[in-house]
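Visitor: Curious how this folds, go ahead:
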Amino acid sequence: MKPLNIVIVEDEAPAAERLIKMLKEYDPAMQVQARLDTVQSAVDWFSQHGSPDLVFLDIELGDGRSFEIFSRIQINSYIIFVTAFNEYAIQAFKYNSVDYLLKPLKKNELHYALDKFRNMSGASQPTVDLAALLDNLQPKGNKVYKNRFLVKKGTRYFSIEAKEVAHVYTRDRVHFIKTKDGTDYIIDNNLDELEEQLSPDHFFRVNRQFIVNYDTIQEVHAWFDGKLKIMVKPTPFEDIVISRLKAGDFKEWLNK
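Guide: I've put the predicted structure just below:
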């Protein structure tokens, strides 16, 4: 049996190194052809090298979601997604015969996924319907979003209404809600979870660190390399810059 050629698309170096170690434990003959960390680097690599046997694909990358890769290039590989998405998205992966792993990776789950891949790989090409996958991952019209969030400041807990949230952000691996009056509260939920809980009519995930409320956007400026820089009130702890790949979606959201 020829060694498997694998590509890993993951922007967190420790997570990628852990995955490589676990893959080698499963089969030392596996060949990791590349470790890519952005949507753009993945598009460039696959354009030049074609499709490997198997791709491990993180959902959230530094310059956008990895689904953007498929809108720009054809990849005829089996894919195992690495995801922190909630249950409805996981069901979509199963329905479309795409395997998934939740972070942090567990050895037995990885081995199960690889065994499943071995059984599937006799087919001439993958049969994954990526268009259906993307459709299933979109929020449904009847989804109910949260109205209040439990937050903490010091030793005290507060309930904050969603309409009072100016923006949500991550700093030094701690997640915060900043309210419209400029107060910062710690919240246990991470930004992936909050993105699913906040109404997309009012909130937009502009990058890995920030989700902003439409009501708080003061100005939008063209930035270098096709990026956008937005000014919000109250002022965030650092500049908010939107990648070139996400700028188009943001403009469409502003124009709804």
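Visitor: Pick out the residue nearest the middle of this structure.
Guide: residue 60 (2.2 Å; C-alpha atoms, centre = their mean).
Visitor: Name whatever forms a beta bridge with that residue.
Guide: residue 65 (DSSP bridges).
Visitor: Check the gap between it and residue 30 for me.
Guide: 25 Å (C-beta to C-beta, to the nearest Å). Backbone N, C-alpha and C define where each C-beta goes, glycine included.
Visitor: Same check on residue 50?
Guide: Residue 50 is 18 Å from residue 30, by C-beta to C-beta.
Visitor: Which one's more surrounded, the two?
Guide: Using other C-beta atoms under 10 Å as the criterion, residue 50 and residue 30 rank with residue 30 on top: 17 against 12.
Visitor: Just want the phi and psi numbers for the more buried one.
Guide: Dihedral pair for residue 30: phi -60, psi 140, per degrees, to the nearest 10.
Visitor: Residue 45 versus residue 52, what's the distance?
Guide: For residue 52, the distance to residue 45 - C-beta to C-beta - is 10 Å.
Visitor: between those two, which one's more packed in?
Guide: Taking other C-beta under 10 Å, residue 52 and residue 45 do not tie; residue 52 has more neighbours (21 against 18).
Visitor: List the contacts of the closest residue to the more buried one other than its chain neighbours.
Guide: Take residue 52 and drop its neighbours on the chain: the residue closest to it by C-beta to C-beta, 6 or more residues apart in numbering is residue 5, 4.1 Å away. When contacts are counted by C-beta atoms under 8 Å, 6 or more residues apart in numbering, residue 5 touches 31, 33, 52, 53, 54.
Visitor: Of those - the most surrounded one?
Guide: Neighbour max across the contacts of residue 5 (other C-beta under 10 Å) = residue 54, 23 neighbours.
Visitor: What residues does that one make contact with?
Guide: 4, 5, 6, 7, 77, 78, 79, 80, 117.
Visitor: Verify the stated contact: residue 66 with residue 57.
Guide: Yes. Counting by C-beta atoms under 8 Å, residue 66 does reach residue 57; the two are 5.0 Å apart.
Visitor: what do these two both touch?
Guide: residue 9.
Visitor: before we move on, back to that, which neighbours do residue 52 and residue 45 have in common?
Guide: Joint contacts of residue 52 and residue 45 (C-beta under 8 Å, 6+ apart) are residue 7.
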